[in-house]
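[1] Provide a 3D model corresponding to the input given below.
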Amino acid sequence: MNVTTEDSFDEDSLHFILLSILDISAILANLLLITAIIQSTPSVLRNYSVILLFMATVDCNAALMSVLSTTIVENIDGLVVYYHIGPCRLIHEQLCNSALTIHIESIGEACVLMLISFSYRLFSFPSTLSNSKRVDSRFRLLSICLLATIPAVIATVTLMSAAQSLPSLFEHPQLSGKYLQAFNISASPIWSSDNLLTRISFGYIMFLYLTASPILFILRRKLLAKIRSLTDHNGFVQTSSSDKYRHQMILRSLTIQMFLPLSFSISFVFWILDYFEIYRLKTFQRAIMPASSIFTLISPLIILYYLPPYRKFCRRLFSKEVETNVVQSIGSSVVGTNK
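    Below you'll find the predicted structure:
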């Protein structure tokens, strides 16, 4: 690639600004969701809120790690190269490497938590929604979420230990003077043990990205059938309209979330085209990381909008701020007039 230093600087600056806007917005959105969950979760959503809280925490962590590293992907000489232009460079190179690895695995963990969320709504769907039938399963759900992080932790440690910083990479103009880490996922033949742990770690993430949406689609169809079963064959509602409305709102939230992993599938296609040199374009390379930032931003916004208790919390929060600003402006005007 023939890229001048000035052009690279301009592109890196734009990339940094775009990712920073997305990641900081994602952090704020997830913090808002965490606050809403803690302060406004009704008893009927108490169990489900454990999963939502875990998802918001993982998404917030992923966005924080992304804004720290602000990474760009390059495929050079069969290596997957990540170079960092974020504030982690001001602290230590190892922080950049750790932040990127944690970000990658956090996104994979977010996909796993979405699968848990769909599965919980499906398999805990009661035949009756009366209060007497509700069981406090928060500890069980928390245990499941914690157990689901084990593969991500293992993959994180593996990738951290597999990262390389090869002097020959700095001969490429776009990598000169960069903080970078490289992963070798090549093997000849493919079934050999060369770079096996690295390939397994990357394969685990790619598997989640590519299979999450199809699995979520199947779970959604089954959940929709159960919600429809709330109305019997004679058209009579078997439970209260408020309970059915709540489940429909949750289903709408899950339906939109179901398509979020597709953004990674598109990015994966971009990466495949570039890695195997089928079609190389810088835009494809730079589109990979923003896709994960979009995921961590859209996911909490969906939950805040589609779940009524959290939507009401946001309305109350922002209406109070508006009222406070109006009162302060009126007070300032009165003081100015008296003077």
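
[2] just the helices in the stretch 201-339 of the chain please.
    With DSSP state H, counting those that start in this stretch, the ranges of helices along the stretch 201-339 of the chain come out as 241-258, 261-275, 282-306, 308-338.

[3] Can you point out the buried residues in the third one?
    This points to helix 282-306. Going by neighbour count (16 or more other Cβ atoms under 10 Å), the buried part of helix 282-306 is 282, 284-304, 306. Just so you know, the C-beta spots here come from the backbone N, C-alpha and C atoms, and that holds for glycine as well.

[4] Please work out the angle formed by the directions of it and helix 261-275.
    When axes from the mean of the first three to the mean of the last three Cα atoms, to 10 degrees is applied, the directions of helix 282-306 and helix 261-275 differ by 170 degrees.

[5] Kindly provide the whole-number mean pLDDT of helix 282-306.
    Rounded to a whole number, the mean pLDDT of helix 282-306 is 86.

[6] Ok, the second one next?
    pLDDT averaged over helix 261-275 equals 75, rounded to a whole number.

[7] Buried by neighbour count: which residues of that helix qualify?
    Residues of helix 261-275 classed as buried by neighbour count (16+ other Cβ under 10 Å): 261-265, 267-268, 270-271, 274-275.

[8] Of those residues, which is the nearest to residue 21?
    The nearest member of the buried residues of helix 261-275 to residue 21, counting by Cβ to Cβ, is residue 263 at 16.8 Å.

[9] Distance of the closest one relative to residue 37?
    Per Cβ to Cβ, to the nearest Å, residue 263 is found 24 Å from residue 37.

[10] circling back: could you export the buried residues of helix 261-275 as JSON lines, including distance to residue 225?
    JSON lines is the format used below for these (distance: Cβ to Cβ, whole Å):
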{"residue": "261", "distance to residue 225": "22"}
{"residue": "262", "distance to residue 225": "23"}
{"residue": "263", "distance to residue 225": "27"}
{"residue": "264", "distance to residue 225": "28"}
{"residue": "265", "distance to residue 225": "26"}
{"residue": "267", "distance to residue 225": "32"}
{"residue": "268", "distance to residue 225": "31"}
{"residue": "270", "distance to residue 225": "36"}
{"residue": "271", "distance to residue 225": "36"}
{"residue": "274", "distance to residue 225": "41"}
{"residue": "275", "distance to residue 225": "40"}
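
[11] tell me the centre residue of the chain?
    Geometric centre of the chain, nearest residue: residue 296, 3.4 Å, by Cα atoms, centre = their mean.

[12] ok, that residue touching residue 31?
    No: look at residue 296 against residue 31 with Cβ atoms under 8 Å: they stay out of range, at 11.9 Å.

[13] Identify the contacts common to these two.
    residue 60 (Cβ atoms under 8 Å, 6 or more residues apart in numbering).

[14] For this protein, which residues score under the pLDDT cut-off?
    1-9, 125-136, 165-168, 170-171, 173-177, 187, 189-191, 230-248, 320-339 (pLDDT under 70).

[15] so where's the longest helix in it?
    Longest helix of the chain, by residue count under DSSP state H: helix 5-40.

[16] Tell me which stretches of the stretch 1-150 of the chain form helices.
    For the stretch 1-150 of the chain, the helices defined by DSSP H, counting those that start in this stretch occupy 5-40, 46-69, 93-123, 138-148, 150-162.

[17] List every C-alpha atom in the second one, with coordinates, as CSV.
    Once non-C-alpha atoms are left out, helix 46-69 reads as follows in CSV (Å, rounded to 0.1, in the frame of the first residue of the first chain):
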residue,chain,number,x,y,z
ARG,A,46,-36.4,-8.5,38.8
ASN,A,47,-35.0,-11.8,37.5
TYR,A,48,-34.6,-10.7,33.9
SER,A,49,-32.8,-7.5,35.1
VAL,A,50,-29.8,-9.6,36.2
ILE,A,51,-29.1,-10.5,32.6
LEU,A,52,-29.8,-6.9,31.4
LEU,A,53,-27.4,-5.6,34.1
PHE,A,54,-24.7,-8.0,33.1
MET,A,55,-25.2,-7.2,29.4
ALA,A,56,-24.9,-3.4,30.1
THR,A,57,-21.8,-3.9,32.2
VAL,A,58,-20.1,-6.0,29.5
ASP,A,59,-21.1,-3.5,26.8
CYS,A,60,-19.8,-0.6,28.8
ASN,A,61,-16.5,-2.4,29.4
ALA,A,62,-16.2,-3.2,25.7
ALA,A,63,-16.8,0.5,24.8
LEU,A,64,-14.3,1.7,27.5
MET,A,65,-11.6,-0.7,26.2
SER,A,66,-12.3,0.4,22.6
VAL,A,67,-11.9,4.1,23.4
LEU,A,68,-8.7,3.4,25.2
SER,A,69,-7.1,1.5,22.3
